[in-house]
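> I need the structure of the sequence given here:
(2 chains)
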Protein chains: 2
Amino acid sequence: MAVSSNHFLQSAFIPRKSHVITWNNLNYRCGFVKKTRFTVLGCTSVTHKVQSFDKRVETLLNSVKWDDKGLAVAIAQNVDTGAILMQGFVNTDALATTISSRKATFFSRSRSKLWTKGETSSNFINVHDIFLDCDRDSIIYLGTPDGPSCHTGAETCYFSSVSNFVEDHKTEKETLAMTTLYSLESTISERKAETLTQTDGKPSWTKKLLLDEKLLCSKLREEADELCRTLEDNEDRSRAASEMADVLYHSMVLLALKDVKMEDVLEVLRRRFSKSGIEEKSSRKSHS
Amino acid sequence: MAVSSNHFLQSAFIPRKSHVITWNNLNYRCGFVKKTRFTVLGCTSVTHKVQSFDKRVETLLNSVKWDDKGLAVAIAQNVDTGAILMQGFVNTDALATTISSRKATFFSRSRSKLWTKGETSSNFINVHDIFLDCDRDSIIYLGTPDGPSCHTGAETCYFSSVSNFVEDHKTEKETLAMTTLYSLESTISERKAETLTQTDGKPSWTKKLLLDEKLLCSKLREEADELCRTLEDNEDRSRAASEMADVLYHSMVLLALKDVKMEDVLEVLRRRFSKSGIEEKSSRKSHS
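Purely as a prediction, here's the structure:
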């Protein structure tokens, strides 16, 4: 249904193209908007569509198995690296707010109020999707953080290793909970720092590669070739996994020299590839 | 302190080499064990060491900020892929059990008892390390699962996408919460399945690569070369990230053809590289 132009809005809010606005309790999707104050042209009623979206959100919220305090666990996870950034609790309002705002929002049990991660620090967590578990009482906010997620300034809130503590390791260093790829990245980064400060002793293989770009590039080309040969020569699966591990490791040493994080690479992949298949078109374009 | 041989144990338990056993309220670490029933040779008292380990575990357990029900949140995460496998709650006993058994153990709120994930399904989660968050009321069990972690048979418990539901996608398919790398892996795997069933239409770039091993290997060698050139020709960081994305993508298409998962590759890397620097020795060995 097209509505007549020149409706007066009750607020000074001028919607962007395709924004949904509410007027007289009806929702309109605005195509072309004439940017005169209080004047909106070319809006189409989308009340039915908006209502059914709201209805679905309501159905979803009702399907959550809230605990006796009306809460469920919410875990914020970095969509690119998989790092668990923080964990909080949500009530109905917090989850509804996150669905609409796409900023990870929680219910503070100590302050009995909603809070959006980043509202004071500006380190928002931009939520790409939300997942419920099989019992519908635990939630993942899968997103990208604008900065460190911990109030201490750490990248994530999980930096106290139990094994470091109970096994009485004499290190004062805090260790972030890291999965294999980022643990390797961290090791390479430490070796890189050591190449600047430690010049004595027999250098490790990683340090040799970091100090000799010609060797590194020669090895990386060789490893890529060996990975290809696992396909060309029909070698077994374990050989392919091992050669891919070599490719990854040598590539990551190169990335360390270029000051590029695996997270940056994964962001490129995420932007390039999507479920819709857009990826393949753009990939074809860039490779044709 | 070395103790005399031929002590009689109060149980039929014959310890393995270097196992700690308790006899007359003292702890012994057993080096050589003669495998005669009830006979143990070559044990050394380690009471002091064991006590101080226990003391540290006790200190750690006391440092957790248990809620009013004596519980804290525990999240099990795959150390290689970063996938959040499941989430439960722990009390003091559950956490202590996990520390000693290295099998992810929880407290069931509905059954009011401890349960070790896998005790009925045999799909244990082998815990490599445990991390506490900054508030010490949330825990990560970082480990490797022996099989699917969800009682439904799914790899993880998180397969209900909120955006799929509220945006009314007409798909019945459940979507696992996947980070970028595994989402790409899943897309490539879908394209591979399609190459077997769909022969009409213009194939996507991924399908072209899957169907033409020569093209794939030629592209992979080319991308590795281009990544090297970002270092050799001092190209900018974004170029390096983009070329690494190309290397990863083409490598993953090759892995799909070889039926190798990124998880297998990361397992190789985890076994090869460790914080102790063993990695670099073995790496030197394999490359010298």
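
> rest of the way, CA atoms for contacts and neighbours
Fine.

> which stretches of the stretch 101-250 of chain A form strands?
Taking DSSP state E, counting those that start in this stretch as the test, the strands found in the stretch 101-250 of chain A are A:105-108, A:113-116, A:125-133, A:138-145, A:158-161.

> could I get those strands as a markdown table with mean neighbour count and distance to B:Tyr158?
Compiled in a markdown table, the strands of the stretch 101-250 of chain A are given as follows (neighbours: other CA atoms under 10 Å in any protein chain shown; distance: least, CA to CA, whole Å):
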| stretch | mean neighbour count | distance to B:Tyr158 |
| --- | --- | --- |
| strand A:105-108 | 24 | 19 |
| strand A:113-116 | 17 | 23 |
| strand A:125-133 | 23 | 4 |
| strand A:138-145 | 25 | 8 |
| strand A:158-161 | 22 | 21 |
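
> nearest to A:Glu190, out of the ones you listed?
Among the strands of the stretch 101-250 of chain A, the nearest to A:Glu190 by CA to CA is strand A:158-161 (17.4 Å).

> hang on, A:Val260 packs against B:Ala241?
Yes: taking contacts as CA atoms under 8 Å, A:Val260 lies within contact range of B:Ala241: 6.5 Å.

> for chain A, what are the low-confidence residue spans?
A:1-51, A:169-173, A:199, A:274-288 (pLDDT under 70).

> so which residues of it form helices?
Listed in chain order, the helices of chain A (DSSP state H) span residues A:47-63, A:92-101, A:162-166, A:180-197, A:205-211, A:213-232, A:237-257, A:262-272, A:278-287.

> let's see the second one as CSV, backbone CA atoms only.
Once side chains and other backbone atoms are set aside, the C-alpha atoms of helix A:92-101 remain, and they are given as CSV (Å, rounded to 0.1, in the frame of the first residue of the first chain):
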residue,chain,number,x,y,z
THR,A,92,14.3,-11.0,27.9
ASP,A,93,15.0,-7.3,27.5
ALA,A,94,18.7,-7.7,27.1
LEU,A,95,18.3,-10.4,24.4
ALA,A,96,15.6,-8.3,22.6
THR,A,97,17.9,-5.3,22.7
THR,A,98,20.8,-7.3,21.3
ILE,A,99,18.6,-8.6,18.5
SER,A,100,17.5,-5.1,17.5
SER,A,101,20.6,-3.1,18.2
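
> okay, buried residues for it please.
Neighbour-count burial for helix A:92-101 flags A:92, A:94-99 (criterion: 16 or more other CA atoms under 10 Å in any protein chain shown).

> and of the residues you listed, the nearest to B:Met86?
The shortest gap between B:Met86 and any of these belongs to A:Leu95, at 19.5 Å (CA to CA).

> what sits against A:Cys228?
The contact partners of A:Cys228, by CA atoms under 8 Å, 6 or more residues apart in numbering or on different chains, come to B:217, B:220-221, B:254.

> and for A:Asp200, the neighbour number?
7 (other CA atoms under 10 Å in any protein chain shown).

> between A:Val260 and B:Ala241, who's got more neighbours?
Using other CA under 10 Å as the criterion, A:Val260 and B:Ala241 rank with B:Ala241 on top: 26 against 20.

> report the contact partners of that one.
Neighbour list for B:Ala241: A:255, A:260, A:264-265, A:268 [criterion: CA under 8 Å, 6+ apart].

> what subset of those residues is buried?
The buried subset of the contacts of B:Ala241 (16+ other CA under 10 Å) comprises A:255, A:260, A:264-265, A:268.

> just put these in CSV and tack on distance to chain B.
Listed next are these as CSV, based on distance: CA to the nearest CA, whole Å:
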residue, distance to chain B
A:Leu255, 7
A:Val260, 6
A:Asp264, 6
A:Val265, 5
A:Val268, 6
